[in-house]
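> pasting the sequence and the predicted coordinates here, then a few questions.
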Amino acid sequence: MALTGLVTKRVFSQAKDSPSSKTGTRLILLGTGGGPRPNKMRTQSSWVVLVNDVPYVVDCGEGVSRQLVFANVPLRNLRYIFITHHHSDHNLDYGNLLYNAWVSGFKGRVDSYGPPPLEKMTKLYLEMNAYDIDIRIPDEGRPPLTPMIFAHEFSKDGVVMQNESVKVTAALVNHLPVQPSFAYRFDTPDRSIVFSGDTTPWDNLIKLAQGADILVHEVIHKPSLARLMARIPNADRLVEHIVASHTTHIDVGKVAKSAGVKTLVLTHFVPSDDPSLTDEMWIEGAKTHFNGKVIVGKDLMEI
Ligand SMILES: [Zn+2]
Ligand SMILES: [Zn+2]
């Protein structure tokens with residue numbers, strides 16, 4: 001517990017103290033845990049790319065709003081959200097992020113992107129919270145929230161968003177039974193960053209990530225899964241799902257090598273709260289096949 005506190009504090013100061021020129025492309029890992037069960041060591045999946053200070057949030061696991069606050073990204077600046085797939089550890093706080101930005105002074109427009117049923121989820125979230133929202137509009141003088149949100153669904157590979165600073169390309173990955181599930185590539189004038197989402201090793205992802213500066217990839221530590229299962233009650237089929245739908249710490253290096261990326265950033269750790277798993281163990285696995293730089297992601301780390 002004490003150790004976790006120290007780690008969080010150190011990583012937090014990295015994000016806080018790092019040079020923030022406000023121009024160019026920055027990557028901050030908001031949450032690096034994998035799986036839906038809240039734990040003490042890592043927040044659920046979420047990352048943010050900042051391009052000239054505009055945030056592009058990728059995935060909204062539980063805690064995304066508060067992690068953005070810790071990373072000194074004002075919630076009122078929210079502009080773009082991308083969801084890789086509809087497992088709860090990637091979308092649970094999607095609606096809450098929209099809401100939290102709104103009560104933090106957001107007045108503009110948010111475009112969100114992801115597979116179906118993103119539009120339905122957006123609509124139902126606003127309906128579920130209509131009582132509170134309808135009170136705050138007159139009581140606090142806030143603009144109506146619903147017309148500020150534009151959800152965009154897609155189910156195929158391709159460019160999903162492009163503006164003067166960023167091109168975002170989506171590629172289908174293999175994460176059954178969640179279909180479609182996507183990886184995203186962000187190309188900016190000074191950087192290319194790819195997020196694997198949740199997937200097994202997959203050729204379409206390797207194609208998307210060709211030559212990228214940074215590949216942010218999910219990872220599991222297969223030898224530790226039995227220990228994880230012993231700690232989680234009522235999860236008889238969970239190991240089966242984890243092994244069939246994710247990428248091991250050895251295979252992730254093969255993916256990075258095949259894609260020819262410069263830096264591999266590990267994230268979405270499963271198990272995410274096993275203190276006996278050291279950074280060295282994750283790195284050693286990834287470096288079995290990959291000669292580039294490997295970074296063991298931590299919450300609030302800036303890369
Ligand atoms: Zn996940
Ligand atoms: Zn998933």
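Received, thanks. Ligands and ions are numbered 1, 2, ... in the order given.

> SS state for the closest residue to residue 94 other than its chain neighbours?
Taking CB to CB, 6 or more residues apart in numbering, and ignoring the residues beside it in sequence, residue 94 has residue 60 as its nearest neighbour in space, at 4.1 Å. Placement of C-beta: from N, CA and C, glycine included. Under DSSP: H, G, I helix; E, B strand; the rest coil, residue 60 falls in the coil class.

> burial check on the residue of the stretch 201-303 of the chain found nearest ligand 1, number of neighbours?
Going by CB to the ion, ligand 1 is nearest to residue 268 of the stretch 201-303 of the chain, at 5.6 Å. A count of nearby residues for residue 268, using other CB atoms under 10 Å, gives 31.

> the helix or strand harbouring it near ligand 2 anywhere?
Following DSSP states H and E, one finds residue 268 within strand 263-270. No: against ligand 2, strand 263-270 shows no contacts by CB under 5 Å from the ion, the least distance being 8.3 Å.

> who touches that strand?
27, 29, 32-35, 42, 45, 47, 198, 213-221, 225, 228, 242, 246, 249, 252-253, 256, 277, 282, 286, 290, 292-297, 303 (CB atoms under 8 Å, 6 or more residues apart in numbering).

> just stretch 135-143 next, same as before
Contacts of stretch 135-143 (CB under 8 Å, 6+ apart): 102-103, 107, 144-145.

> give me the lowest-pLDDT entry from these.
Within the contacts of stretch 135-143, residue 107 has the lowest pLDDT, namely 90.

> buried stuff in stretch 252-264?
252-259, 261, 263-264 (16 or more other CB atoms under 10 Å).

> how deep is residue 289 tucked in, by neighbour count?
Neighbours around residue 289, by other CB under 10 Å: 15.

> that one contacts residue 257, doesn't it?
Yes: counting by CB atoms under 8 Å, residue 257 is a contact partner of residue 289 at 5.1 Å.

> ok, back up a step: averaged pLDDT, the strand holding residue 268. What do you get?
Averaged across strand 263-270, the pLDDT comes to 98.

> measure how far that strand is from the centre of its chain, please.
Chain-centre distance of strand 263-270: 11 Å, with CA atoms, centre = their mean, to the nearest Å.

> toward the C-terminus, what is the element adjacent to that strand?
Following strand 263-270 toward the C-terminus (DSSP H and E): helix 279-286.

> picking that back up, so what's the residue nearest to residue 94 scoring on pLDDT?
On the pLDDT scale, residue 60 gets 98.

> CA atoms only: put stretch 129-143 into PDB for me.
Taking only C-alpha atoms (Å, rounded to 0.1, in the frame of the first residue of the first chain), the coordinates of stretch 129-143 have been written out as PDB:
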ATOM      1  CA  ASN A 129     -28.700  11.700 -16.100                       C
ATOM      2  CA  ALA A 130     -31.300  14.000 -17.400                       C
ATOM      3  CA  TYR A 131     -32.700  14.800 -14.000                       C
ATOM      4  CA  ASP A 132     -29.400  16.300 -12.800                       C
ATOM      5  CA  ILE A 133     -28.500  17.900 -16.200                       C
ATOM      6  CA  ASP A 134     -31.900  19.600 -16.500                       C
ATOM      7  CA  ILE A 135     -31.500  21.100 -13.100                       C
ATOM      8  CA  ARG A 136     -28.000  22.400 -13.700                       C
ATOM      9  CA  ILE A 137     -28.900  24.100 -17.000                       C
ATOM     10  CA  PRO A 138     -31.000  26.900 -15.400                       C
ATOM     11  CA  ASP A 139     -29.600  26.600 -11.900                       C
ATOM     12  CA  GLU A 140     -25.900  27.100 -12.900                       C
ATOM     13  CA  GLY A 141     -26.400  28.700 -16.300                       C
ATOM     14  CA  ARG A 142     -24.900  25.800 -18.200                       C
ATOM     15  CA  PRO A 143     -25.600  25.200 -21.900                       C
END
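
> chain center to that stretch, what's the gap?
30 Å.

> residue 151: what secondary structure?
Per three-state DSSP, residue 151 ends up strand.

> report how many residues lie close to it.
By the measure other CB under 10 Å, the count of residues near residue 151 is 21.
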